[in-house]
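Engineer: Structural data only, the sequence is not supplied:
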């Protein structure tokens, strides 16, 4: 029996290379892997993009989303019988009508807003970046400073509209889910992660003490093991 394809969806202020440590471990374990380039333009359009990408994947799928990527796996998996499991990594697991911004603000603790640098777009919306000098502390405090500096330079922006766009009916109501997050996440408060994991009926929840929003970079082995478990 062939192994499912592991489809990885990065979030805002990151890019596909943020999965490198996880990808290597999954490939070593014999799993086919695809890291999707997330457009970061809007929940609906980005979910449609992911849905189209999944249409080109043969066999069963395990969807893994980091941060805003959780919004997309929640939506794109609906109605797709090939998707067998959802893995949320420091990620949003929204219910219908919830936005990323609303979920991050539901509990105290997020300091993301103070670190953002907006860039106006022609359509009147803005692209949002984390200021490079604030990136290490805000986003990747448990990664080495030199690695975080490279991540700050290569970060991909998200539109302000995407963070405020409401989600649709969630796939986690019908699919099994697994959650991993850090206790010191400064983008999404840990109370929000716990709330979302419990609400989704998480099969297994791993909270890593001292972990940042990108805890799965230094803890790639732990995440890879969780994904393998979700792949069954």
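Structural biologist: Looks like it came in fine. Keep in mind that what you see is a predicted model, and the values were worked out from it rather than measured. Numbering: from 1, shown residues only.

Engineer: center of the protein - which residue?
Structural biologist: By C-alpha atoms, centre = their mean, the chain has its centre lying nearest to residue 66, at 1.4 Å.

Engineer: hey, where'd the helices end up in this structure?
Structural biologist: Per DSSP state H, the chain has helices spanning 20-28, 43-54, 69-76, 100-104, 132-139, 145-154, 160-164, 190-199, 220-231. These are given in chain order.

Engineer: Turn the ones you listed into JSON lines, including distance to residue 112.
Structural biologist: C-betas here are computed from N, CA, C, even on glycine. As requested, those are exported to JSON lines (distance: least, C-beta to C-beta, whole Å):
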{"stretch": "helix 20-28", "distance to residue 112": "23"}
{"stretch": "helix 43-54", "distance to residue 112": "17"}
{"stretch": "helix 69-76", "distance to residue 112": "15"}
{"stretch": "helix 100-104", "distance to residue 112": "7"}
{"stretch": "helix 132-139", "distance to residue 112": "7"}
{"stretch": "helix 145-154", "distance to residue 112": "14"}
{"stretch": "helix 160-164", "distance to residue 112": "9"}
{"stretch": "helix 190-199", "distance to residue 112": "12"}
{"stretch": "helix 220-231", "distance to residue 112": "22"}
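
Engineer: quick one on the thing from earlier: OK, contacts around the residue nearest to the centre of the chain?
Structural biologist: 8, 9, 10, 11, 14, 18, 19, 89, 90, 91, 214, 216 (C-beta atoms under 8 Å, 6 or more residues apart in numbering).
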